[in-house]
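Enquirer: pasting the sequence and the predicted model now:
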Amino acid sequence: MTSPGETTAGLCRLCRHRRIVTSKRGSEFLYCRRSEVDSAFPRYPHLPVLRCEGFVGTPDEDAPC
């Protein structure tokens, strides 16, 4: 089973504001923590997210190549 954080999430896969939520049945969903402080961001965005004004890369993604 592919986790939403692995391939299908688009930008969310690399964003430091994401949190993976697992249901009691084992389904996984991406939760956007930006939604807690800004209602412009959906709690559970439709995937894949290809463009997001709130995107901030994870520390590994921020590092220069």
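Expert: Arrived safely. Residues are numbered from 1 along each chain as shown.

Enquirer: can you tell me which residues contact residue 35?
Expert: Shown here is residue 35, whose contacts under the criterion C-beta atoms under 8 Å, 6 or more residues apart in numbering are 41-43. To be clear about C-beta, it is placed using only N, CA and C from the backbone, and glycine gets the same treatment.

Enquirer: next: residue 30.
Expert: Taking C-beta under 8 Å, 6+ apart as the criterion, residue 30 is in contact with 4-5, 9, 12, 18-21, 44-45, 47.

Enquirer: that one - that's part of a helix, no?
Expert: No. The assignment for residue 30 (DSSP: H, G, I helix; E, B strand; the rest coil) gives strand, which keeps it out of a helix.

Enquirer: from now on call the first residue 700
Expert: Yep, numbering from 700; the last one is residue 729 now.

Enquirer: so what's it bridging to?
Expert: Here residue 729 shows beta-bridge partners residue 719, assigned using DSSP bridges.

Enquirer: phi, psi for residue 733 please.
Expert: Comment: the main-chain dihedrals of residue 733 come out as phi -60, psi -30, following degrees, to the nearest 10.

Enquirer: surely it and residue 718 touch.
Expert: No. Assessed by C-beta atoms under 8 Å, residue 733 is found out of contact with residue 718, at 10.7 Å.
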